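Chemist: what would the 3D arrangement of this be:
(2 chains)
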Amino acid sequence: MSEKEIIKKIKLLKSIQPEQNVLKNLKRDIYQHVGIENERNKYFEITVRKFFINFSMVLKSYRYISVGVIFVLLLLFFSFMTLASLPNHIHKIILYTKVALAPNQYEKARLALDDVTHTYIKTPSLVQNNLTSLSQELAFTNSEMSSLKLKGERGKYTALQCHTLYQQYLMYLKEENTTISRLNQKQSSSVKSQIIAYKEQAEQKLHMYPRL
Amino acid sequence: MTRENIYQKFEIIYTQYAGGIFRYIYFKVSDYELARDITTEAFIKYWKILSVEKKIASPKALLYLIAKGLVIDYYRKKKNSKRVSLESIDERLLGVIDTVEDSLFKKQELEQIYRKIRRLKKDFQDILFLHYVEDLTVKEIAFMQKKKENAIRVMLHRALQSLKEII
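Modeler: Modelled structure (predicted):
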């Protein structure tokens, strides 16, 4: 083996790295030890207090302008509340945005799965009244899960992570299937067959990501 | 230097070298938790130096020197404990390469070279790791080892030859 090849082999060791969150925790410990954490907290408290003092002084000095500002703030608040009364719609927009901005396919799939699990498993009453919405979310989640591939995104997520995610997905589908089976609606049969099809797909995929 | 200045300088140094220092210490102690503790200690020590010294010529070399010193201290305190021979690299340090494709092969390859380097003389291990893995220049290593640059170059060459014989 030539010297160049040996050096190349040694350089492989650069890929040994602690995870970023471990380094963040270490940094926090260091800052606590040297006392910088307390200083920064105090600084933050002082800044917030100063802001409120200045704000109240401005309110006192410019009474008419202040009334206008408060009116605008109230208007914004009520507009927001009105929009929030359409939770399903807003919820979907937020979810799609989050997924679109996620850095890699694993994060996209995880976000979609977390959302559908939290929305429908934690509040089963939603399933009965929102079968169409559930069906749409299932399709969305399934498409994100199916797009998981390590080839194009090497290094961004691991086979083990994919395996775990697919296990969670499968568990969710089984649980949802039980909930749907309890309903006696015509419409539920189509969602049920949709879940069964996705379950089969997920089981096949699970074998593709063997536990290392 | 104000504490805010020290903090800003420290942030830059930590972001640049924390991963490398952790890896270097782990290479020397072969224990993940211990490497964590010594890394923390090394950076605390660096902070203290930063608070006193006006200018540090080579922060990187100084950090590695501190880390090396702390590892030596650790082994000196634990006189009876032998160095653990490394069979496999801790999984928590392999997150970056742990992908499905050829991950097993890569892991094996890594562990193989890791074990082979550890079969060399301590000085050779150190110099190879510092130069090729941690990217320290010959000048920086010379500062760390308190030797002349030429001596380091010769040592580096010999270390490579020794490794070549094993491989």
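Chemist: what about A:Leu170, distance to chain B?
Modeler: 18 Å (Cβ to the nearest Cβ, to the nearest Å). C-beta: built from backbone N, CA, C; applies to glycine.
Chemist: in contact with that residue, which residues?
Modeler: Going by Cβ atoms under 8 Å, 6 or more residues apart in numbering or on different chains, A:Leu170 touches A:Lys199, A:Ala202, A:Glu203, A:Leu206.
Chemist: list the contacts of the third one.
Modeler: What that stands for is A:Glu203. Counted by Cβ under 8 Å, 6+ apart, A:Glu203 has contacts A:Leu170.
Chemist: that one is in what secondary structure piece?
Modeler: Using DSSP states H and E, A:Glu203 sits in helix A:186-208.
Chemist: can I get the CA coordinates of that helix in CSV?
Modeler: Only the C-alpha atoms of helix A:186-208 are listed here, as CSV (Å, rounded to 0.1, in the frame of the first residue of the first chain):
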residue,chain,number,x,y,z
LYS,A,186,-70.0,3.3,4.7
GLN,A,187,-67.3,5.9,4.2
SER,A,188,-65.1,4.3,6.8
SER,A,189,-64.6,1.2,4.6
SER,A,190,-62.7,3.1,2.0
VAL,A,191,-60.4,4.6,4.6
LYS,A,192,-60.0,1.1,6.1
SER,A,193,-58.9,-0.3,2.8
GLN,A,194,-56.5,2.6,2.4
ILE,A,195,-55.0,1.9,5.8
ILE,A,196,-54.6,-1.8,5.0
ALA,A,197,-52.8,-1.0,1.7
TYR,A,198,-50.4,1.4,3.5
LYS,A,199,-49.8,-1.2,6.2
GLU,A,200,-48.7,-3.8,3.7
GLN,A,201,-46.4,-1.2,2.0
ALA,A,202,-44.9,-0.3,5.4
GLU,A,203,-44.3,-3.9,6.3
GLN,A,204,-42.4,-4.4,3.0
LYS,A,205,-40.4,-1.3,3.6
LEU,A,206,-39.5,-2.3,7.2
HIS,A,207,-37.7,-5.3,5.8
MET,A,208,-35.6,-3.0,3.6
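Chemist: what confidence value was assigned to A:Thr82?
Modeler: On pLDDT, A:Thr82 comes in at 74.
Chemist: ok, it - how many residues close by?
Modeler: Around A:Thr82 there are 9 other residues, counting by other Cβ atoms under 10 Å in any protein chain shown.
Chemist: so it is in which element?
Modeler: helix A:63-84.
Chemist: buried stuff in the next helix or strand after that helix?
Modeler: Next along the chain after helix A:63-84, taking DSSP H and E as the criterion, comes helix A:87-101. By neighbour count on 16 or more other Cβ atoms under 10 Å in any protein chain shown, the buried set for helix A:87-101 is A:Leu95, A:Val99.
Chemist: next helix or strand past helix A:87-101?
Modeler: Next along from helix A:87-101, by DSSP H and E: helix A:105-120.
Chemist: is any part of that following helix close to chain B?
Modeler: No - judged by Cβ under 8 Å from any Cβ of the partner chain, helix A:105-120 makes no contact with chain B; its nearest approach is 11.1 Å.
Chemist: what pLDDT is listed against A:Met57?
Modeler: pLDDT, A:Met57: 77.
Chemist: same question for A:Ser135.
Modeler: For A:Ser135, the model assigns a pLDDT of 84.
Chemist: for it, which residues are in contact?
Modeler: So A:Ser135 contacts A:Ser190, A:Val191, A:Gln194 (Cβ under 8 Å, 6+ apart).
Chemist: equivalent analysis for B:Val138, please.
Modeler: B:Val138 neighbours (Cβ under 8 Å, 6+ apart): B:His131, B:Glu149, B:Ile152, B:Arg153, B:Leu156.
Chemist: report the buried residues of the helix holding A:Glu203.
Modeler: Neighbour-count burial for helix A:186-208 [16+ other Cβ under 10 Å]: A:Ser188, A:Val191, A:Gln194, A:Ile195, A:Tyr198, A:Lys199, A:Gln201, A:Ala202, A:Lys205, A:Leu206.
Chemist: before we move on, back to that, which pair in the contacts of B:Val138 spans the largest distance?
Modeler: B:His131 and B:Glu149 (12.1 Å; Cβ to Cβ).
Chemist: which of these two has more neighbours?
Modeler: Neighbour totals were compared for B:His131 and B:Glu149, and B:His131 leads with 22 against 14 (other Cβ under 10 Å).
Chemist: give me the secondary structure label for that one.
Modeler: B:His131 falls in the helix class when you classify it by DSSP: H, G, I helix; E, B strand; the rest coil.
Chemist: confidence-wise, which helix or strand of the chain is lowest on average?
Modeler: Went with chain A since none was named. Ranked by mean pLDDT, DSSP states H and E, the helix or strand of chain A with the weakest confidence is helix A:125-129, at a mean of 64.
Chemist: that's the wrong chain, I meant chain B
Modeler: Going by mean pLDDT, DSSP H and E, chain B bottoms out at helix B:103-118, a mean of 80.
Chemist: what's the spacing between that one and its chain's center?
Modeler: How far helix B:103-118 lies from its chain's middle: 17 Å, per Cα atoms, centre = their mean, to the nearest Å.
Chemist: next: stretch A:195-207.
Modeler: Mean-position distance between stretch A:195-207 and its chain equals 23 Å (Cα atoms, centre = their mean).
Chemist: mind showing which ranges of chain B have poor pLDDT?
Modeler: B:1, B:80-87, B:95-105 (pLDDT under 70).
Chemist: need the helices for it, in chain order.
Modeler: With helices called from DSSP state H, chain B shows them at B:3-29, B:32-52, B:59-77, B:103-118, B:122-128, B:138-145, B:149-166.
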